[in-house]
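Chemist: Structure, please.
(2 chains)
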Number of protein chains: 2
Amino acid sequence: MADIVEVRNKQVIFKDYINGYATGSDMVVTSDATIRLELPKNDDSLILTKNIYLSCDPYMRNRMNRTMEGNYIDSFTPGSPIVGYGVSRVLESSHPKFKKGDLIWGLVGWEEYSLIKDTRTFIKIQVTDVPLSCYTGILGMTGLTAYVGFHEICSPKKGETVFVSSASGAVGQIVGQLAKLFGCYVVGSAGSKAKVDLLKNKFGFDDAFNYKEEQDLNAALKRYFPNGIDMYFDNVGGKMLDEVLRNMRVHGRIAACGMISQYNLDKPQGNYNLLMLIMKRIRMEGFLVFDYYHSYPKFLEMILPLIHEGKITYVEDIVIGLENAPAALIGLFNGTNVGKQVVAITNE
Amino acid sequence: MADIVEVRNKQVIFKDYINGYATGSDMVVTSDATIRLELPKNDDSLILTKNIYLSCDPYMRNRMNRTMEGNYIDSFTPGSPIVGYGVSRVLESSHPKFKKGDLIWGLVGWEEYSLIKDTRTFIKIQVTDVPLSCYTGILGMTGLTAYVGFHEICSPKKGETVFVSSASGAVGQIVGQLAKLFGCYVVGSAGSKAKVDLLKNKFGFDDAFNYKEEQDLNAALKRYFPNGIDMYFDNVGGKMLDEVLRNMRVHGRIAACGMISQYNLDKPQGNYNLLMLIMKRIRMEGFLVFDYYHSYPKFLEMILPLIHEGKITYVEDIVIGLENAPAALIGLFNGTNVGKQVVAITNE
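Modeler: As a prediction, this is how the structure comes out:
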């Protein structure tokens, strides 16, 4: 037993529930904790992980609320680490499904090492000839979200028009490319010139615009969609959703994936154009990727060849070190990230 | 030719486009017009009708706007009669589909006689052992709306919970009964004690409440649906929709049929709980009965036996005389009608 070491376990601790805008000071990075690198005895369903990459996702803001009516996921626990999707290596396992050395992805604490008691969210990584960080994104929940939202919720037809908000973000960039590959006309909105360039020149969107530079979103949408929008992949909600509703075509579909424009508001802004749902016979459907784990194998089968053949591009914004994790998460809400925001715990 | 008479044609004239609340003085009843009871020559697609019953429907308010973005139907023409669904008898026909004496329903002017140039909305009435006024309602667009909205848009499952707003209205009363016949638990809201009594004692809703007496709609909905709402048939929009969104169950469906609470407002009230669409993975779908004419024969096949066997009840609020038509239409927005509002042009 002499070789069992107790090591430092640096963590990002969630301080307390918040209202309004999240800031970096709502989390604290500490090196106070230690962890013994062995499994407790008498439990055959545990794994001990060394965490490699952490995913920063907009939905995590909702877990910072004390309670949220209708919330689909528990709030974070004050005094405990932030929890999110990550990529880890199994150091020890008493669980039959996982063995020492396995690479896995699933929900982990924002810390160097985790003792995992509930392994239900973990999937073993089989394909490793891609960057491992991809399993926080295009090959993880992010990619599956884009796939499900576009192919299953939007019910696309070739030649239809697609609008994606927050289009250079983790999900948006994949949605746009899937829609192009499917044969749709795709326009995205983003919040900076650099992101718009990325959409047009790297992700192959037919067109893109910077919503912050548009005085009149309605006019902007009419410019890019003179004949209207068949499908809207909504990552932002709020004012943009309202203006899109005015520009939808008859029998359009809206995949409601996220409403990042509203997450940091004490009171939502309100939507004023829901009557358009009736006038234009629009189907608007909210979805959560958690309901679609069963589609993951089918999704991988579709997406891996596209990645290997270079037919799909994926941009990550990787910061190194848990010290930088709080700012990376907050950055999502200020739009400072370009592409999928990832934290690499070490630069190994 | 001496037997061709020119007769008085009393009409309800739409005065001019309006904003805000519609009032009786937005229409004028006049006996100034006359009509020759013969068909113009050289046109083989005309019918001349004597109009019997007129339907008052909430959507007609939208036709009083000058223009309405996304509107699915033209505005009324100032100086011309109001147009709506009605039941008529064919006096003369040069159209091969209709012959003298036929009873028909479709879009007619609010006037005693109409010369119909566009017969596309007209359907010949085959079954006449029911009150003819039913073809403005349960056997017309109203019934088809209820049928399509419940059976096709809501995708019901036996045992699920259903909430219907404006439930004693023309569409709501049928939706509630279809849902009960299907095996659902059904609660309705309405705006008076008399209507609530009707819902519980005549239409067989499991329960009902007067929304005007509830200080807190959220609390009211929680009282009737402690485990949440699977399906919401929305006739009102606005505040009620917002509170329903808070009370929907996961994977719920909302059939967006009408938003009567908003039609007379210069600016809609706003909806603040759309995030629930995502958190609860709700499908909200707007629909218009005009898209479902093809379902009418199937619908009749289902509904006629129910009517003949007394398994479905239908309440109409009939006023007599075109003089009373403007007040009847306006009454819809004040909730003065009980059940389907119909105007009988004569008391023959």
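
Chemist: How about the residues of chain A by chain B?
Modeler: Where chain A comes near chain B, counting by Cβ under 8 Å from any Cβ of the partner chain, the residues are A:68-72, A:237, A:241, A:246, A:250, A:256-259, A:262, A:267-268, A:270-288, A:291. Heads up, the C-betas are built off the backbone N, CA and C, glycines and all.

Chemist: what residue ranges in the stretch 51-200 of chain A score low on pLDDT?
Modeler: Counting by pLDDT under 70, the low-confidence segments of the stretch 51-200 of chain A come to A:71.

Chemist: Tell me where it has helices.
Modeler: With DSSP state H, counting those that start in this stretch as the definition, the stretch 51-200 of chain A shows helices at residue ranges A:141-147, A:170-182, A:193-201.

Chemist: for chain A, which strand is longest?
Modeler: With DSSP state E applied, the strand covering the greatest number of residues in chain A is identified as strand A:83-93.

Chemist: hmm, which of the residues of chain A next to chain B are the buried ones?
Modeler: Applying a neighbour-count criterion of 16 or more other Cβ atoms under 10 Å in any protein chain shown, the buried members of those are A:70-72, A:237, A:241, A:246, A:256-259, A:262, A:268, A:270-288.

Chemist: Just the ones of the residues you listed in strands?
Modeler: When these are checked against strands using DSSP E, the ones located there are A:256, A:283-286.

Chemist: As JSON lines, those residues with pLDDT would be great.
Modeler: Compiled in JSON lines, these are given as follows (pLDDT from 0 to 100):
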{"residue": "A:256", "pLDDT": "98"}
{"residue": "A:283", "pLDDT": "98"}
{"residue": "A:284", "pLDDT": "98"}
{"residue": "A:285", "pLDDT": "98"}
{"residue": "A:286", "pLDDT": "98"}
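
Chemist: okay if I get those as CSV plus distance to residue A:195?
Modeler: Compiled in CSV, these are given as follows (distance: Cβ to Cβ, whole Å):
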residue, distance to residue A:195
A:256, 22
A:283, 29
A:284, 26
A:285, 27
A:286, 25
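
Chemist: which residues touch residue A:331?
Modeler: Applying Cβ atoms under 8 Å, 6 or more residues apart in numbering or on different chains, one finds that residue A:331 lies in contact with A:56, A:337, A:341.

Chemist: where's it, which helix or strand?
Modeler: Element membership of residue A:331, judged by DSSP states H and E, is helix A:325-334.

Chemist: ditto for residue A:306
Modeler: Element membership for residue A:306, per DSSP H and E: helix A:296-308.

Chemist: helices or strands up against that helix?
Modeler: helix A:141-147 (3 or more Cβ pairs under 8 Å, 6 or more residues apart in numbering or on different chains; DSSP states H and E).

Chemist: Can you tell me what sits against the helix it packs on?
Modeler: The list of residues contacting helix A:141-147 from outside it, by Cβ under 8 Å, 6+ apart, reads A:55, A:57, A:85, A:136-137, A:170-172, A:174-175, A:178, A:257, A:289, A:292, A:295-296, A:299, A:302-303, A:340.

Chemist: For residue A:314, which non-adjacent residue is spatially closest?
Modeler: residue A:138 (4.5 Å; Cβ to Cβ, 6 or more residues apart in numbering or on different chains).

Chemist: Quick check: the one you found vs chain B, distance?
Modeler: If you measure residue A:138 against chain B using Cβ to the nearest Cβ, to the nearest Å, the figure is 21 Å.

Chemist: Could you pull up the contacting residues of that residue?
Modeler: Residues in contact with residue A:138 (Cβ under 8 Å, 6+ apart) are A:174, A:303, A:307, A:312, A:314, A:340.
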